[in-house]
Structure formats: C-alpha cells, structure tokens
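S.K.: here are the coordinates; sequence isn't available:
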C-alpha cells in the first residue's frame, strides 16, 4: 500500500505543478517582431536627421527659411501616398513582402539624399524615402499585432517605437559627430550612412514567417497553424487563436460592400466607434507638437539663450537618449498597467511640460538659466510623450480594427497621423512668427490636454484581449 501511495504521489505531482507553472514566453515571436520593427530605425533616422542637417544644408545650398520648413516636413505629407496604398499592398504581397519593399525604397531614398545637389533633387529624394517609411509605418505594427500572443502583444508592439527612437538618437549622434566636416560634405555623409542597413534588414525580414492572419485570409490554413504553433505560448493557445481567426475570416460579409465603403461610407455603429478612436488617437498624437520639438529644438534652444552649435547639437542628443530610455516604460507596463492609464498619464505630462516650456520662453531675457530650464522642460515633454502616446496609438489602432478592415484601417489612421505631423512640422517656423514661439507651445499644450480627455471618454481598455475579441468590446 505504501508503494501504491508513493506511485500516486509521483503521478499527481507533475499535474499539480503544471497547473501553477506559467507558460514560457515565446522568444520566436519576439524575434519576428524585432526584425519587423527594426525597419523603423531608418524611419526615425531619416525624419530626425533633418534637425541638425538643415543647419548645413541651408548654408551649402543657400535655402530660405520657407524651403527648409517645407523640406523638413514634406516627407510626412509625401507619405500619404504609400500609407494609403499600404493596406492594399499588404493584402496583395503579404506583410513580409511589403516590409522588404519598404527597405528597398529606404535604401534608394538615402542614396538620393546624399547625392542631391539642389532643392528640387532633395525634395524628390524625400518623396522616395517617404514611400518606404509609409509602408513600414503601417505594415510593421499590423505584423507585430498579428504575430504576437495576447499575453505580450503590448510589449512586442512597443518594439516599433523603441526602434524609431533608436533611429532618432542615431540621427542626433550623427549630427553631432559629423558637424566638424566641411559643410558640403558633412550632411551628405549623414544621409549616406543610411544606404546599407536596409539591405541587411530586408534579408532579415525574408527569414521571418508570414502573418498567420494573412495566411488564413488566403485560405492557407495549414501554414497559418504552423506559424501560430511557433508564435504562441502554448499549443492550446495556438489552436484557440486559429479558431478565432477562422471565425472572423469566414464570417459573412455584406454583398457588394467593399472594405473602404464599410470603413468610411457605410460603417456600422461598431466600426464607427473604432474609427473615432483610431482617427482621434492618431490626430492628437501629432497635434500635440512632438515633431516641432524633434525637428526644431535647435531653434528653441537658440531662442532660450544657447548660442554654441556644439552645445545645441549636444542637447539634441539628450533628447534622443531620454526618448529612447522612456519608451522602455511602455514595454514593461503596457501589458501590466494597461493602455488607458499610460495614455492619460502621458498626455497629461506632455500638457504640463509644454505649458511650462512656453512660460519659460515668455519670462525674462535669454540667459544660461533660461536655457537650462528650457532644455529641462523639453526633455520632460519628450519623456512624458514616450511613456504612452509615443507608441500606443499605433498599437491600439492595430489591435481594435476588425481583421477584414485592419490593413486599410491602419492605413487611414496613419494617414491622419502623418498629415497632422506634416502640418505641424511644415508650419512651426511660420506659426512662431505669427503667434510667437511660446504661443505655439501653449497651443500644443492645450491639444495634449484634449488628448487626455479623449482617451478617458472614448477609449476602452484592450489589455489582455485577443484581437478577435475587439468586435465584442466595441459593440457594447
């Protein structure tokens, strides 16, 4: 009997342990999301490089303030073409194929910028770069959301913004490190640095699996199951995810109603609620003026009393470091705290920091003290932005859109995002001349406060929910 009892204990012990043991996090999904997100390093590098490069391009090519303003912000407007086409392209070529195509355009755009000899040539090069950036901006978050298990989807989706910020930091370092080169060479080398990385990134993307949801949409159920088994925490979760995807894919659609018609012209009440959240988040993210800080912080620091070019470019490096470090907060807490608390804390912090920056620029004459305070409030606003509003709008947009509308819905949200960003970045110098620089930051602070209220009123919590469960959440 004693032997039988020991055998029973031996048999039951593993079962008891299995109930309490947490499944291991899936490192394969982490690797796939990392490769997809790394494409956005080049986006951050190309967008923010103009912050310092404009000082040298202006001198080398004799550009006016208006030309510099348009050149700096034009890529965000150009992106509308590829952003609106990205959903269709991603559904046609797949998420992986579209990311490879994005890297091809990024390489060609960097080469064209480094060789540009006139304002027109630089504008054309920015257009080429914008195509790659637009594809990456839309498709990478969609791929990350679709490849990730629900338990870590917030962490993996936040990788996108981490790498954007790494690119921004590298651009500031490049500005500072190459500032000592001859004027006609330095800015060209800055852009030439971005030619080779897309080649290696494209090769890495080809090693990733295709999105299981795209495979299921194409009727390739076996391939979708194989990918889900490799990217889920458990085999049971893989089967559950596959059944949810099949249910959504096989759901009857209204005859004759296209995706864009269902999304914009004849949306259901559920789709309308989702669309308001996607458009609102993407608009308010950029309307709060983060790109004015990233692109024109050298002008802000000069107005505050900082005169040395090396000191100004050094301060921009601090912006990149702070932005990159604080984005890690989203990685650690978005799946623990939730999307809503981070978004509200982030937008509230941005509003307070920008209001303090505006007051600093209003009070007193430029001095070392005012310059130090200005740098402090700029860094505070960047830190606050990074802990929530920096990456979560794209994560939430990819999460809440129904599968049949996801690629096009993400395209629409990103189009609003980039158009708003373009308007901010192409108008800051002119707007500063009209309502003063402090007036600009008071305006941005008000819009950041509006974002906090919008999240509180309109956005439900999505933490821990499967993508296919979002329909039920927004149907309430």
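M.R.: Received it, and whenever you're ready, just let me know what you need. Only a predicted model underlies this, so the values are computations on that prediction, with no experimental measurement involved.
S.K.: quick one: the helices in the stretch 151-300 of the chain?
M.R.: Along the stretch 151-300 of the chain, the segments classed as helices by DSSP state H, counting those that start in this stretch run 153-177, 183-192, 197-205, 212-217, 221-231, 235-250, 259-260, 269-287, 290-303.
S.K.: and residue 369, how many residues sit next to it?
M.R.: The criterion is other C-beta atoms under 10 Å. On that basis, residue 369 has 12 neighbouring residues. (Each C-beta comes from the backbone N, C-alpha and C, glycine too.)
S.K.: What distance separates the opening and closing residues of stretch 177-196?
M.R.: 19 Å (C-alpha to C-alpha, to the nearest Å).
S.K.: Can you tell me what sits against it?
M.R.: Taking C-beta atoms under 8 Å, 6 or more residues apart in numbering as the criterion, the residues outside stretch 177-196 that touch it are 42, 45-46, 49, 52-53, 56-57, 59-60, 106-107, 110-111, 113-115, 171, 174-175, 309-310, 313.
S.K.: roughly how far is that stretch from the heart of the chain?
M.R.: Taking C-alpha atoms, centre = their mean, to the nearest Å, one finds the center of stretch 177-196 at 26 Å from the center of the full chain.
S.K.: Then stretch 406-413?
M.R.: Using C-alpha atoms, centre = their mean, the distance from the centre of stretch 406-413 to the centre of the chain it belongs to is 14 Å.
S.K.: Which among the contacts of stretch 177-196 count as buried?
M.R.: 42, 45-46, 49, 52-53, 56-57, 60, 106-107, 110-111, 113-114, 171, 174-175, 313 (16 or more other C-beta atoms under 10 Å).
S.K.: What's the per-residue pLDDT of residue 185 here?
M.R.: We have a pLDDT of 90 for residue 185.
S.K.: Within its local environment, how many residues does residue 206 see?
M.R.: 12.
S.K.: Actually, residue 321.
M.R.: Quick note: residue 321 (other C-beta under 10 Å) scores 16 neighbours.
S.K.: next one: the one 3 residues further on
M.R.: The local packing count at residue 324 equals 22, with neighbours defined by other C-beta under 10 Å.
S.K.: Not counting sequence-adjacent ones, nearest residue to it?
M.R.: Nearest non-adjacent residue to residue 324, counting by C-beta to C-beta, 6 or more residues apart in numbering: residue 165, 4.2 Å away.
S.K.: List the backbone torsions phi and psi for residue 218.
M.R.: Backbone torsions of residue 218, given as degrees, to the nearest 10, read phi -90, psi 0.
S.K.: Kindly provide the distance from it to residue 94.
M.R.: Separation of residue 218 from residue 94 (C-beta to C-beta, to the nearest Å): 8 Å.
S.K.: pLDDT averaged over stretch 384-392, what's the number?
M.R.: 87.
S.K.: What are the contacting residues of that stretch?
M.R.: The set of residues external to stretch 384-392 that reach it, using C-beta under 8 Å, 6+ apart, is 157-158, 160-162, 165, 281, 284-285, 288, 290, 322-323, 326-327, 329-330, 334, 339, 342-350, 352-353, 451.
S.K.: just the buried members of those residues?
M.R.: 157-158, 160-162, 165, 281, 284-285, 288, 290, 322-323, 326-327, 329-330, 334, 339, 342-350, 352-353, 451.
S.K.: and the helix or strand encompassing residue 127, average pLDDT?
M.R.: Residue 127 belongs to helix 119-147 when assigned by DSSP states H and E. Per-residue pLDDT values across helix 119-147 average out to 89.
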